[in-house]
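Undergrad: need the 3D shape of this:
(one chain, ligands or ions: 1)
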Amino acid sequence: MERPRDEEIHVVTKEEMEEVRRLLAKADARKESPLKGVRGGICPVCNQPTMDYADDLVYESYRTGERVVITGLTGTRCRNCSDQAYDLRSSGIIERVLEERVPGGYECTITTLGGERLGIYLPKDVVRKMDIEPRQKAIIKLLSRRRMVIEV
Ligand SMILES: [Zn+2]
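TA: Modelled structure (predicted):
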């Protein structure tokens with residue numbers, strides 16, 4: 001697969017993970033991984049009795065040219081070959097993160113403009129796709145403390 005350009009990389013944020021965990025807590029009352037405490041399971045890859053419980057697994061993938069990274073997952077990891085397997089709950093988290101992601105989001109950084117004003121530079125791809133000009137007026141509508149829409 002072709003390596004995506006930087007502006008296409010989406011790293012799942014802490015807020016998104018919290019949202020997913022909140023949704024999961026509602027759907028799934030079990031709090032602990034059923035694999036917790038497991039040591040010396042047989043590794044499906046290298047066949048050694050070296051699969052241990054782990055709560056720091058990382059999921060990483062490139063989907064439709066986007067990189068998605070999820071940390072802090074639970075499951076088992078092989079001490080010998082580093083193969084990892086997610087438990088059901090973490091598999092569910094991965095599925096939901098991939099489903100709930102708003103497609104076509106553009107990451108940008110909030111910068112300081114001086115005084116108490118903050119600014120956001122529109123990524124090149126956004127400018128190319130939108131019908132906008134410099135000095136044009138735009139309206140910002142606040143939907144919640146963490147969500148806003150810009151209308152031009
Ligand atoms: Zn192994």
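Undergrad: CA atoms for contacts and neighbours, from now on please.
TA: Will do.
Undergrad: near the ion, which residues of this structure?
TA: 43, 46, 78, 80-81 (C-alpha under 5 Å from the ion).
Undergrad: for this protein, just list every one of the helices.
TA: Assigned by DSSP state H, the chain shows helices spanning 14-27, 88-100, 124-129.
Undergrad: in terms of mean pLDDT, which of these ranks lowest?
TA: Among these, helix 14-27 carries the lowest mean pLDDT, at a mean of 68.
Undergrad: how many neighbours does residue 138 have?
TA: For residue 138, the count of nearby residues is 10 (other C-alpha atoms under 10 Å).
Undergrad: next up, the contacts around it.
TA: Residues near residue 138 by C-alpha atoms under 8 Å, 6 or more residues apart in numbering: 150-152.
Undergrad: go on, residue 36?
TA: So residue 36 contacts 53-54, 75 (C-alpha under 8 Å, 6+ apart).
Undergrad: related to what we said a few turns ago, just put the helices of the chain in TSV and tack on mean neighbour count.
TA: Formatted as TSV, those follow (neighbours: other C-alpha atoms under 10 Å):
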stretch	mean neighbour count
helix 14-27	13
helix 88-100	16
helix 124-129	10
